[in-house]
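Peer 1: this is a predicted model, with the sequence first.
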Amino acid sequence: MNEGRSRPLQTLCMLLIFALFAASALLLVLAAAGAFRGVSAQVESSGRIRTSLAYVANKVRAGDESGAVALEDEGNVRALVISSQAGGEVCKTYLYWHGGYLKELFLAADQPFAPEDGEQIERLSGFSVRKAGRLLTVTAAGPEGETLSAAVCLRSS
Amino acid sequence: MKYHSGVRPFFLEMIFVLLFLAVSCAAVLRLFSAAHAAARRSAELNAAMVLAQSAAETVQSAESPADLDRLFRGDRKTRKDGAVLYTAGFGENGSPSAGDAALRVEKSVRASAAASGTMLEAEITVFSARDGTVLFTLNAEKYCPG
């Protein structure tokens, strides 16, 4: 009789322990996935911003000739324009933010600027360039709105 | 008897599995906590490098020693050991911070007379405001003629 009465209790205990095990395993997986997602998003966001800033800064340093670096407003897009000579022709490299991306467009100086034609460099939620004297300040914003600015001194001017 | 012989081993096994899971959980959570701290430290270091490089470029763009006051106008200006110290605070990802700063950037600029001009020597140090550790240091020199 006793044995018969304790059977459902033992089964219940077993089920409870199994449920506890399943819940713990699920929680562990969820916590690990959440932590991984957080770390990965942080690294990705920081990488996106840093890559964009380094890319623009290196472009400016590479094309830093007297009067070659300027800011131009093309329609409703503000672009950093680096002029250079290629095959005896004056060419312009446009770096600008359009459609959620930092874009680059290389054109002959007489060709019209079309922002949608640019090559996507990096996905950003914002990008701006400011020029004060010899100092160019580039600001990039990540997907969560965090911003980082890098300054580049125009040594040629 | 048959029932007991089937249930007890399963019961014991589940308890061992749960114990093992608890130990694994502790290890995995510690691992993720360490990964989070490492990622945060890495983001801080990256931001510190960008901030220090920007400060060095800003010193390079100065036309004269007096120009530094204009260039670092948002910073707190003090004097320390004969050098001018400009201090600014930033968030942990390098964004400007009005309140509690996670990173502190100190630019110690010393001006000395050089042949027909002034030599500016800047020591740029980025500190973690949390524990005061030095994250990155950079030196920059700029000759201002006249």
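Peer 2: Everything's here; your move.
Peer 1: is chain B contacted by the lowest-mean-pLDDT helix or strand in chain A?
Peer 2: Here the helix or strand of chain A ranked lowest by mean pLDDT, DSSP states H and E is helix A:2-62, holding a mean of 85. Yes. Judged by Cβ under 8 Å from any Cβ of the partner chain, helix A:2-62 and chain B are in contact via A:3, A:7, A:10-11, A:13-14, A:17-18, A:20-21, A:24-25, A:28, A:31-32, A:35-36, A:38-39, A:42-43, A:45-46, A:49-50, A:53. For glycine as for every other residue, the C-beta is placed from the backbone atoms N, C-alpha and C.
Peer 1: filter those down to just the buried residues.
Peer 2: Applying 16 or more other Cβ atoms under 10 Å in any protein chain shown to these, the neighbour count classes A:10, A:17, A:21, A:24, A:28, A:35, A:39, A:42-43, A:45-46, A:49-50, A:53 as buried.
Peer 1: redo these as JSON lines? Include distance to A:Gly99.
Peer 2: Shown next, in JSON lines, are these (distance: Cβ to Cβ, whole Å):
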{"residue": "A:Gln10", "distance to A:Gly99": "64"}
{"residue": "A:Ile17", "distance to A:Gly99": "55"}
{"residue": "A:Phe21", "distance to A:Gly99": "49"}
{"residue": "A:Ser24", "distance to A:Gly99": "45"}
{"residue": "A:Leu28", "distance to A:Gly99": "40"}
{"residue": "A:Ala35", "distance to A:Gly99": "32"}
{"residue": "A:Val39", "distance to A:Gly99": "28"}
{"residue": "A:Gln42", "distance to A:Gly99": "25"}
{"residue": "A:Val43", "distance to A:Gly99": "24"}
{"residue": "A:Ser45", "distance to A:Gly99": "19"}
{"residue": "A:Ser46", "distance to A:Gly99": "22"}
{"residue": "A:Ile49", "distance to A:Gly99": "18"}
{"residue": "A:Arg50", "distance to A:Gly99": "21"}
{"residue": "A:Leu53", "distance to A:Gly99": "20"}
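Peer 1: ok, back up a step: and the next element down the chain from the least confident helix or strand of chain A?
Peer 2: Next in sequence after helix A:2-62, counting helices and strands by DSSP states H and E, comes strand A:69-74.
Peer 1: quick one, phi psi at the residue nearest the centre of chain B?
Peer 2: In chain B, the residue lying closest to the centroid (Cα atoms, centre = their mean) is B:Glu44, at 3.7 Å. Main-chain torsions, B:Glu44, degrees, to the nearest 10: phi -60, psi -40.
Peer 1: spell out which helix or strand contains B:Phe16, please.
Peer 2: With DSSP H and E as criterion, B:Phe16 is part of helix B:2-60.
Peer 1: do that helix and chain A meet?
Peer 2: Yes. Using Cβ under 8 Å from any Cβ, helix B:2-60 reaches chain A at B:3-4, B:7, B:10-11, B:14-15, B:17-18, B:21-22, B:24-25, B:28-29, B:32-33, B:35-36, B:39-40, B:42-43, B:46-47, B:50, B:53-55, B:57-58, B:60.
Peer 1: what sits up against stretch A:26-45?
Peer 2: Residues from elsewhere that reach stretch A:26-45 (Cβ atoms under 8 Å, 6 or more residues apart in numbering or on different chains): A:142-144, A:146, B:21, B:24-25, B:28-29, B:32-33, B:35-36, B:39-40, B:42-43, B:93.
Peer 1: quick check, A:Glu143 in contact with A:Ser125.
Peer 2: You called it Glu, but residue A:143 is Pro. Yes. Between A:Pro143 and A:Ser125 there is a contact under Cβ atoms under 8 Å: 5.5 Å.
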